[in-house]
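Student: My questions are about this predicted structure, shown below with the sequence.
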Amino acid sequence: MKIFSRIFTVLFLAGLAASCATSNDEAEPRRYSEPRFTSQAPIELKVNRIEVVSEFTPTFTRPNVEHLFPISIERTARIWAKDRLEAVDFSSDKIAQFIIKDASVTEQVEKSEKVFYKDRIKYRANLHVVIKISDPRKQSSAETSIEAWRELIIPVDTDIEEKERYWNGMVTKLFDEFNLRMEQNIHEYLNLYVQNNSYIREYN
């Protein structure tokens, strides 16, 4: 069973003045680390092992720019699987696959049609993940999927330090929502494979 959750947030920063002044002490670009998810209890799956598979291949050519981001969406997805998923039934033959279908970021320059207005760059971050559990003995499987995306719009002349700050926030918010929605999906659609599952579905 599949479910798709689309996330849409546009951050429009009009008239932002680019800050280009840096001192020698600030010559090094700001460093960012991928978020971790260890503050929450792992989701215990009744499987023998969990395999993380990436089917996403970066092109390293525009309009794709995910390789420029200080935080990798693909690597963060792998970290999420490591932090949040745990195999607890080593006597079974069941296998869980965490499949990264898409972890791309694209950019598009939007020309201003108004005088004295700056051109803008629109970034779109995409994350598509499938979790599939297979039971070879029963020749059965079940899966759930999340397809999430965010958009960010900034002035075309934004300097690289500011870009990295916005990119970092963009990816962090993407995974905040992914973390919430994927946990809900697992408990709802893969409930037979969750240890001590106490999820109760609410109907509106």
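Tutor: Sure thing, it's come through.

Student: Would you mind writing the CA trace of stretch 183-198 as CSV?
Tutor: In CSV, the C-alpha atoms belonging to stretch 183-198 read as follows (Å, rounded to 0.1, in the frame of the first residue of the first chain):
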residue,chain,number,x,y,z
GLU,A,183,6.7,7.3,11.3
GLN,A,184,2.9,7.6,10.9
ASN,A,185,2.9,5.7,7.7
ILE,A,186,4.9,2.8,9.1
HIS,A,187,2.6,2.4,12.1
GLU,A,188,-0.5,2.6,9.9
TYR,A,189,0.5,0.7,6.8
LEU,A,190,3.2,-1.6,8.0
ASN,A,191,1.6,-2.3,11.4
LEU,A,192,1.9,-6.0,11.1
TYR,A,193,5.6,-5.7,11.1
VAL,A,194,6.0,-3.2,14.0
GLN,A,195,7.0,-4.5,17.4
ASN,A,196,4.5,-3.5,20.1
ASN,A,197,2.6,-1.4,17.7
SER,A,198,0.0,0.7,19.6
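
Student: Identify each buried residue in that stretch, please.
Tutor: By neighbour count on 16 or more other C-beta atoms under 10 Å, the buried set for stretch 183-198 is 184-190, 193-194, 197. Using the backbone N, CA and C atoms, a C-beta is placed for each residue, glycine as well.

Student: what's the farthest-apart pair in these?
Tutor: Maximum pairwise distance in the buried residues of stretch 183-198, criterion C-beta to C-beta, is 15.0 Å, between 184 and 193.

Student: biggest helix in the protein by residues?
Tutor: Assignment by DSSP state H gives helix 160-189 as the longest helix of the chain.

Student: Which elements pack onto it?
Tutor: Using 3 or more C-beta pairs under 8 Å, 6 or more residues apart in numbering; DSSP states H and E, the elements in contact with helix 160-189 are strand 43-45, helix 73-84, strand 120-135, strand 140-155.

Student: Save those as JSON lines, and put in mean neighbour count, distance to residue 92 and mean pLDDT too.
Tutor: Formatted as JSON lines, these follow (neighbours: other C-beta atoms under 10 Å; distance: least, C-beta to C-beta, whole Å; pLDDT from 0 to 100):
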{"stretch": "strand 43-45", "mean neighbour count": "20", "distance to residue 92": "10", "mean pLDDT": "97"}
{"stretch": "helix 73-84", "mean neighbour count": "20", "distance to residue 92": "19", "mean pLDDT": "98"}
{"stretch": "strand 120-135", "mean neighbour count": "20", "distance to residue 92": "8", "mean pLDDT": "97"}
{"stretch": "strand 140-155", "mean neighbour count": "19", "distance to residue 92": "13", "mean pLDDT": "96"}
